[in-house]
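Visitor: the sequence isn't on hand, but the structure is:
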C-alpha cells in the first residue's frame with residue numbers, strides 16, 4: 001500500500017480518506033521485511049497481540065464497518081466468530097501470512113469501492129441497530145488504526161529494534 005501526502009488544506013472527504021490511507025500504509029510498513037514467525041511473535045503474556053493478529057483484526061474491522069454496517073452485506077467475519085470472538089488474534093500460530101495480507105488488502109479495496117459510491121452523510125446500521133454515518137465510520141477507522149499502529153510500533157521494536165516509519 002502506498003499513500004500520498006496528507007492534504008493540509010483539503011476538503012473533509014479528501015482529508016479523511018488521506019488519513020485512512022496513511023494509517024493503512026503505516027501498518028503495512030510496520031510489518032515490512034519480517035519473516036512469518038516474526039509476525040507471529042506475541043507482545044507479553046497474557047495478551048495474544050501480534051503483528052499478524054493486527055493484520056487479521058484490521059481485515060475483519062474493515063469488513064465489519066464498511067461491508068456489514070455501511071453496505072448492509074450479510075457476511076460473516078473472516079477470522080472471528082461468536083464462539084471465538086478473538087480468533088483473529090488467538091489463532092495465528094499456523095495462520096497463513098500471505099492469506100492474511102491478501103485478505104486485508106481485499107477488504108481495504110472493497111471498503112474503498114463502497115466509500116467511493118457514498119456521501120459522507122450516507123448511513124448504515126451497526127449490528128447493535130445504531131445508525132452511523134460514513135463520516136463517523138471513517139473517523140472511527142482512523143482512530144482504530146491509530147491505536148493499533150501504536151501497538152504495532154511496540155511489537156516491531158520488540159521483534160528487531162526497528163523504530164520510526
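Guide: Everything's here; your move. Values in this document were obtained by computation on a predicted structure and should not be read as measured data.

Visitor: all contacts plus neighbour counts: C-alpha atoms, from now on.
Guide: OK.

Visitor: just the pLDDT for the residue sitting nearest the centre point of the chain.
Guide: Nearest to the geometric centre of the chain sits residue 58, at 2.7 Å (Cα atoms, centre = their mean). For residue 58, the model assigns a pLDDT of 98.

Visitor: which SSE is it in?
Guide: helix 51-62 (DSSP states H and E).

Visitor: give me the contact list for that helix.
Guide: Helix 51-62 is contacted by residues 27, 31, 39-41, 77-80, 88-90, 92, 97, 100-101, 103-105, 107-108, 111, 141, 145, 148, 152, 155-156 when judged by Cα atoms under 8 Å, 6 or more residues apart in numbering.

Visitor: which ones among the residues you listed are found in strands?
Guide: Secondary structure from DSSP state E places none of those in strands.

Visitor: from those, which land in helices?
Guide: Among these, DSSP state H puts 27, 31, 39, 88-90, 97, 100-101, 103-105, 107-108, 111, 141, 145, 148, 152, 155-156 in helices.

Visitor: quick one on the thing from earlier: got the buried residues for the helix holding residue 58?
Guide: Residues of helix 51-62 classed as buried: 51, 52, 53, 54, 55, 56, 57, 58, 59, 60, 61, 62 (neighbour count, 16 or more other Cα atoms under 10 Å).

Visitor: ditto for stretch 32-41
Guide: Under the neighbour-count criterion of 16+ other Cα under 10 Å, stretch 32-41 has 36, 38, 39, 40, 41 buried.
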